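Visitor: this one's structure only:
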């Protein structure tokens, strides 16, 4: 790795270490792997171009997370009416088990307010701390806690009583 | 806390870990406008390898792979599954005894997986023979497929060395093998393909693999995993459905990519070749002019006569002007069931024709090869080469040919870093190589170890060698949403030949694709048709470079304008039924072509 450009080196290391998490969150937002991959690649490319402007008000990782989420949102906006979850996220069919029905859980996630949904994705798919989620979403850390609690409350109903949303 | 764990479990299923596939830092740099030096690329490659090993080591299964110790011992030394029934064993032995190319030593079948799909029973059997492991998939009771060969068992083999090198904890052996030909309607176009009633993909897995996922155009499918094997049978898949990727999952859910080459289909599929370059020598050390096979010219009776194997009709084309034929069946690799047929074909007495040499691969149920004039049989290099998918189940290519007397030994260098000693005996050679390990280089040495011939194969030989999309470079250029939320996505990117490649993917899995040369200005003035997909109706087509826009007039009087992207048309049609008129317009609105379509 080049030592002449430490930020570029750091971005590359971040990309290689966290690629799967970035892509997973992007897939959850965009709803499709290939375009989500596009979003992640573009976000990192943008981060390289804008790295001189990084002011260390948050960690470099949180800064990149914000770029990835924004890029994924841009992709999604270009394709209106997309369900914000991967279409291929459930096996289309299985020989091993009875084919699953369309998930109620999926519908409930899709019905969450956007901030709650993003907080869930960043927390569970991105493995981000509350402070990092706060930076990415542009809210206070305490608000992250409240947002996740509200999401948990909505999702608890479908997890504990799947009939409720049918 | 319990809520969070349950939530985590639900989310795990909802968006599975996508894996590292697609991770490409050079692509990021390219998008950012930076270029990278060769040195940097090498450093990154090392980093990727190091990181991959680091990530893989995070799970016990992947850790084992990173250490090169994926446990395939059940297949290498053990007995996976249970003994096959005596009836199955007898059927296999009967078929084997009738074969031109018998599996040596009557291998004992093991029953691995049984499942019911499409009203039929599918039984996956396995056996080891020589240096190969083989899977045999037997379908019973598939409606409408009795007696026409479409229900015949599929047997596919892989070299055991693939298990010893352990690139992944699973090995795909059989890919998208069709069972039961469907029926075409009487008015189907001539180039239509009949839908298979079932299509199967199978392979083996190492200890510790709990799940195996296969991805095709329709999404992911979970295969049955048992007895160190996996099997997925798709029921009536759409024509052209091809498995594109495979993932093995251990107990911790970690996904590991399993190398897989897409089975060829028609002319539109362009399976990805493996990246990288083959190692090995790249310079000839001793130049040769021509060459011959002495024992063949002397009619020495090496190997066996074709008649001994029941080969009564030799595959010699009429163009070879058959006169007296001297032919022998040879076994360059005695542990393989495949044989080579080498024939010297003289012209008819008194004719002005010339002597030909024919080389064929003989496998169970098939002979494939060709003939060339003897005087120019070794032009420029001292060996001939051909490829076939005999016994390879689309995952392995059989590399075979003849070598002149100047060649003492041969080696095949693969992009994976492997170096395979080529079985060469009686001037013929034959081996299987994984399609995912190409590009490859075949090298011939003389008695003194000097390189006397080499040939590099830049692509997986069973894939289309024509232009293909550069991996990871296609971008979404247009997304349209039709009725019932059905979508069509147009992606365009550079092709391997310097032009561009496009692909339209529709909801429901249908797709269309093609590549255009750089600066291409030919093609149809206007080609357009309506496609139903996912409940929606779309206009798909192609125009010449001088067409600026396309006007569509619907039967209800409404209209829409479509701007071609790289000459490709894509639009969602709001109405169904009735005729529509499509006009290709130039830059000043002048009409260049008109087509009338009737919507379904």
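Guide: All right, it came through fine. What you see is a predicted model; the values in this text were computed from it and never measured.

Visitor: thought residue A:130 was touching residue A:143?
Guide: No: between residue A:130 and residue A:143 there is no contact, the gap being 9.4 Å when judged by C-beta atoms under 8 Å. Where you see a C-beta, it was placed from the backbone N, CA and C, and this is true even at glycine.

Visitor: For the residue nearest to residue B:406 when sequence neighbours are not counted, give me its contacts.
Guide: Nearest non-adjacent residue to residue B:406, counting by C-beta to C-beta, 6 or more residues apart in numbering or on different chains: residue B:382, 4.8 Å away. Contacts for residue B:382 (C-beta atoms under 8 Å, 6 or more residues apart in numbering or on different chains) come out as B:288, B:291, B:403-404, B:406-407, B:444, B:452-453.

Visitor: Phi and psi next, for residue A:11.
Guide: Main-chain dihedrals, residue A:11, degrees, to the nearest 10: phi -60, psi -40.

Visitor: tell me the pLDDT at it?
Guide: Listed pLDDT for residue A:11 reads 89.

Visitor: Quick check: it vs chain B, distance?
Guide: Separation of residue A:11 from chain B (C-beta to the nearest C-beta, to the nearest Å): 8 Å.

Visitor: Does that residue touch residue A:48 like I think?
Guide: Yes: Residue A:11 is in contact with residue A:48 according to C-beta under 8 Å; the separation is 6.1 Å.

Visitor: so is the one residue sitting closest to the centre of chain B in a helix, a strand, or just coil?
Guide: Of all residues in chain B, the one closest to the mean position by C-alpha atoms, centre = their mean is residue B:263, 3.4 Å from it. Recorded secondary structure, residue B:263: coil (DSSP: H, G, I helix; E, B strand; the rest coil).

Visitor: Next one: it from residue B:450, what distance?
Guide: Distance, residue B:263 to residue B:450, using C-beta to C-beta, to the nearest Å: 39 Å.

Visitor: Lowest mean pLDDT among the helices and strands of chain A, which one is it?
Guide: strand A:93-94 (a mean of 53; mean pLDDT, DSSP states H and E).

Visitor: who has more neighbours, residue A:11 and residue A:48?
Guide: Neighbour tally, residue A:11 and residue A:48, criterion other C-beta atoms under 10 Å in any protein chain shown: the higher count belongs to residue A:11, 23 against 20.

Visitor: Got the phi and psi for the residue nearest to residue B:406?
Guide: Per degrees, to the nearest 10, the backbone of residue B:382 is at phi -90, psi 20.

Visitor: how long is stretch B:117-134 from one end to the other?
Guide: End-to-end distance for stretch B:117-134, by C-alpha to C-alpha, to the nearest Å: 22 Å.

Visitor: Just give the nearest non-adjacent residue to residue B:153, would you?
Guide: residue B:138 (4.6 Å).

Visitor: thought that neighbour was touching residue B:85?
Guide: No: when contacts are counted by C-beta under 8 Å, residue B:138 is not listed as touching residue B:85 (10.9 Å).

Visitor: Who has more neighbours out of the two?
Guide: Counted by other C-beta under 10 Å, residue B:138 and residue B:85 do not tie: residue B:138 has more neighbours, with 22 against 13.

Visitor: Quick check: the spatially most central residue of chain A vs residue A:32, distance?
Guide: Centroid-nearest residue in chain A, with C-alpha atoms, centre = their mean: residue A:25, separated by 2.6 Å. Distance of residue A:25 to residue A:32, computed by C-beta to C-beta: 14 Å.

Visitor: Could you do residue B:519 as well?
Guide: For residue B:519, the distance to residue A:32 - C-beta to C-beta - is 32 Å.

Visitor: what about these two, which has more around it?
Guide: Taking other C-beta under 10 Å, residue B:519 and residue A:32 do not tie; residue A:32 has more neighbours (24 against 8).

Visitor: show me the contacts for residue B:331.
Guide: B:303, B:339-340, B:425.

Visitor: For those residues, which two are the farthest from each other?
Guide: Using C-beta to C-beta, the two most remote members of the contacts of residue B:331 are B:339 and B:425, lying 11.2 Å apart.

Visitor: shared neighbours of the two, which are they?
Guide: B:330-331.

Visitor: how about the helices in chain A?
Guide: A:6-30, A:33-49, A:60-78, A:104-111, A:114-120, A:130-137, A:141-160 (DSSP state H).

Visitor: Would you mind telling me which of the ones you listed is nearest residue B:241?
Guide: helix A:33-49 (18.0 Å).

Visitor: neighbouring strands for the longest strand belonging to chain B, and are they parallel or not?
Guide: Counting by DSSP state E, the longest strand found in chain B is strand B:170-181. Here strand B:170-181 is paired, per DSSP bridges, with strand B:196-205 (antiparallel).

Visitor: how much space between the residue nearest to residue B:153 and residue A:134?
Guide: 59 Å.

Visitor: Repeat that for residue B:122.
Guide: 53 Å.

Visitor: Look up the residues forming beta bridges with the residue nearest to residue B:480 when sequence neighbours are not counted.
Guide: Of all residues not flanking residue B:480 in the chain, residue B:572 sits nearest, at 4.3 Å (C-beta to C-beta, 6+ apart). Taking DSSP bridges, one finds residue B:538 as the beta-bridge partners of residue B:572.

Visitor: Would you mind listing what in the stretch 101-250 of chain B touches chain A?
Guide: B:115, B:117, B:211, B:213, B:215, B:218-225, B:231-234 (C-beta under 8 Å from any C-beta of the partner chain).
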